[in-house]
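Q: for reference, the sequence and a predicted model appear below.
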Amino acid sequence: MKSINFITLLCCALLIMCSCNKNKISIDEHFIKLVSRDIWPSKFERYPFYCKGENGKILEVRSRDLRMLYDDGSFDFDYLSFLKKVLNQKMELQSQGKVESFYLDKYLEKAYRNIDFKDFMRIYCIDEGENRFRLKKGFTYNQKRTIFYFLFINNYLSCFDDYAGVFWIFNTNIYNSSERKK
């Protein structure tokens, strides 16, 4: 009887640990350092970044918006620390209408929470090879933003190619590998 209780307890603990990993957000630290040292014109300006806003909203920001929100706030830490907290979703920002915000699509949020990230990518993106993806078509504006948010918190950047009329998705490591070569 004791061994059955122990096995049950062990299985519950493993299940809890696996489900908690989905909630742990860790944007690549080298990428955050690159963003913190970026100058204008920014090589990251075409990519939307996402962070927590007030009242459960998600803020869609550009690199210049992050600098503006930092400069307008009264934070007692440096810009790099600010980026680490904000991009890793550990701090809520008050945008006061300076940047766009939205609520996550509930259906997509549930889908993201209930499936593996690789499966999430397969459902909503087309693999174009070489760590490059394209968003599938047929989503509403809010659904696209929700998908991009979940991709972002898993170290993927998205941008719209107006010539091709598609949304491209890249892993943040495209900047890490090119910057480390310098």
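A: Cool, got the structure.

Q: and the contacts of stretch 115-125?
A: Residues outside stretch 115-125 that contact it (CB atoms under 8 Å, 6 or more residues apart in numbering): 111-112, 127, 133-136, 139, 147, 150-151, 154, 169. Every residue, glycine included, has its C-beta placed from N, CA and C.

Q: go again with 10 Å.
A: Residues from elsewhere that reach stretch 115-125 (CB atoms under 10 Å, 6 or more residues apart in numbering): 21-22, 108, 111-114, 127, 132-136, 139, 143-144, 146-148, 150-151, 153-154, 156, 158, 167-169.

Q: do the same with stretch 157-169
A: 31, 44-50, 121, 124-128, 131-137, 139, 144-145, 147-149, 151-152, 156, 170-172, 174-175.

Q: go again using 6 Å as the cut-off
A: Contact with stretch 157-169 is made by Arg46, Tyr47, Cys125, Phe133, Arg134, Leu135, Phe148, Leu151, Tyr156, Phe170, Thr172, as judged by CB atoms under 6 Å, 6 or more residues apart in numbering.

Q: which among those end up buried?
A: Buried residues within those, counting neighbours by 16 or more other CB atoms under 10 Å: Tyr47, Cys125, Phe133, Arg134, Leu135, Phe148, Leu151, Tyr156, Phe170, Thr172.

Q: with respect to Leu59, which of the residues you listed is nearest?
A: Phe148 (12.5 Å; CB to CB).

Q: confirm that closest one sits in a helix?
A: Yes. Assessed with DSSP: H, G, I helix; E, B strand; the rest coil, Phe148 lies in a helix.

Q: okay, now the closest residue to it other than its chain neighbours: neighbour count?
A: In space, and not counting its chain neighbours, Phe148 is closest to Ser158: 4.6 Å by CB to CB, 6 or more residues apart in numbering. The number of residues packed near Ser158 is 23, by other CB atoms under 10 Å.

Q: pretty sure Ser158 is in a strand, no?
A: Yes. Membership of Ser158 in a strand is supported by three-state DSSP.
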